[in-house]
Each structure stands twice: as structure tokens, then as C-alpha cells.
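J.: Please find the sequence and the predicted model below.
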Amino acid sequence: MKAEFEPVTDELRKLLSERLKHSNVSKLFGYEIEDIKKDYCNLSLAYSEAITNGQKSKGTIHGGIVAALVDTAAAFALSTGFEGQMSFATVDLHINFLHRAQTKVYAHAKVIRKGSRLNVCDVDVLDENGKHVAKASVNFILTKRMEGK
């Protein structure tokens with residue numbers, strides 16, 4: 001991981017871990033925060049047959065579930081810049097699927113633009129072997145003005 005990301009406080013790490021733990025989507029898919037820093041989140045999704053497209057897909061994780069992982073990882077990366085507040089909404093998510101996701105996957109999200117209304121995250125999804133399975137861009141709009149913005 002690049003040294004460009006600063007650590008978050010223990011309080012913020014705990015707040016975001018609790019938020020993820022109580023998130024309905026996370027309860028459904030079992031997301032885990034692998035690492036979180038200012039403007040960065042590595043969120044993982046464990047492999048299970050239940051989230052695949054079935055046997056004929058050779059055990060490939062459903063693309064919509066990978067996209068949900070991307071969106072969540074990007075939201076958590078962005079929230080580190082607002083002390084855990086999530087007063088924003090996804091307005092655009094573009095994803096390119098590069099390879100089949102057939103193992104545990106990791107979404108590495110980083111904030112590349114923080115604006116007064118529009119914020120952009122870049123997300124790379126890798127499998128447990130380091131294969132690049134997806135590349136995404138997620139745009140968020142602030143739904144209320146944040147302090148300092």
C-alpha cells in the first residue's frame with residue numbers, strides 16, 4: 001500500500017467498523033474492513049456459492065454484488081474525510097469487469113477528488129491471488145453541506 005494515505009483515529013476506525021457491522025448490506029454479504037486510512041478503504045467480500053451466478057458460471061461472483069462492494073468501499077473511503085459522516089449519495093458508478101471473481105475479493109477504494117458538492121473515488125477490485133477483477137469509478141454528491149466545505 002502507498003504511504004500517501006494517513007492513518008485515521010482509533011475513534012473513527014471504531015465508528016466506521018460499527019457502522020459496517022450494523023449495515024443491512026454488510027449483514028447480507030459479510031463485508032469486512034481490511035484497512036482504512038484517510039481517503040482510503042480496503043473492504044473485502046468472502047467467497048461463497050450463495051453469491052455466485054451458479055454452477056454454469058464456474059463459481060463466478062455475481063457482478064451486481066461486486067458493484068455493491070465497490071460502492072460501499074468508496075463510501076467508507078469518502079466518509080473518512082468527514083469524520084465518519086455519510087451525508088452523501090452515489091450519483092454514478094461505472095465498473096469494468098476484467099476477470100471472473102471466483103475467490104475472496106478486495107475493493108481498494110481511494111478518493112481522487114473532494115469537492116464542495118461532487119466527490120470521486122477510484123476503486124480496484126482484486127481477488128485473493130492479486131488478479132485485477134474490476135476497475136471502477138464512483139461519484140458521490142454531498143446531500144448536506146459538511147463543516148469546513
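T.: Happy to help now that I have it. Numbering: from 1, shown residues only.
J.: if you average pLDDT over the helix or strand hosting residue 119, what comes out?
T.: According to DSSP states H and E, residue 119 maps onto strand 118-127. What strand 118-127 shows for mean pLDDT is 98.
J.: Just the residues contacting it, thanks.
T.: Residues outside strand 118-127 that contact it (Cβ atoms under 8 Å, 6 or more residues apart in numbering) are 66, 69-70, 73-74, 77-78, 88, 91, 99, 101-113, 132-142. Just so you know, the C-beta spots here come from the backbone N, C-alpha and C atoms, and that holds for glycine as well.
J.: mind running it again at 7 Å?
T.: Contacts with strand 118-127, where a contact means Cβ atoms under 7 Å, 6 or more residues apart in numbering, come from 66, 70, 73-74, 77-78, 88, 101, 103, 105-113, 132-141.
J.: looking at this, residue 81 is in a strand?
T.: No. Under DSSP: H, G, I helix; E, B strand; the rest coil, residue 81 sits outside any strand and is assigned helix.
J.: Burial check on it, number of neighbours?
T.: 17 (other Cβ atoms under 10 Å).
J.: Okay, helices next: where are they in the protein?
T.: Along the chain, the segments classed as helices by DSSP state H run 10-22, 24-29, 63-79.
J.: how about those helices in a markdown table, adding distance to residue 51, mean neighbour count and mean pLDDT?
T.: Output for these, formatted as a markdown table (distance: least, Cβ to Cβ, whole Å; neighbours: other Cβ atoms under 10 Å; pLDDT from 0 to 100):
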| stretch | distance to residue 51 | mean neighbour count | mean pLDDT |
| --- | --- | --- | --- |
| helix 10-22 | 17 | 14 | 96 |
| helix 24-29 | 7 | 14 | 95 |
| helix 63-79 | 5 | 23 | 97 |
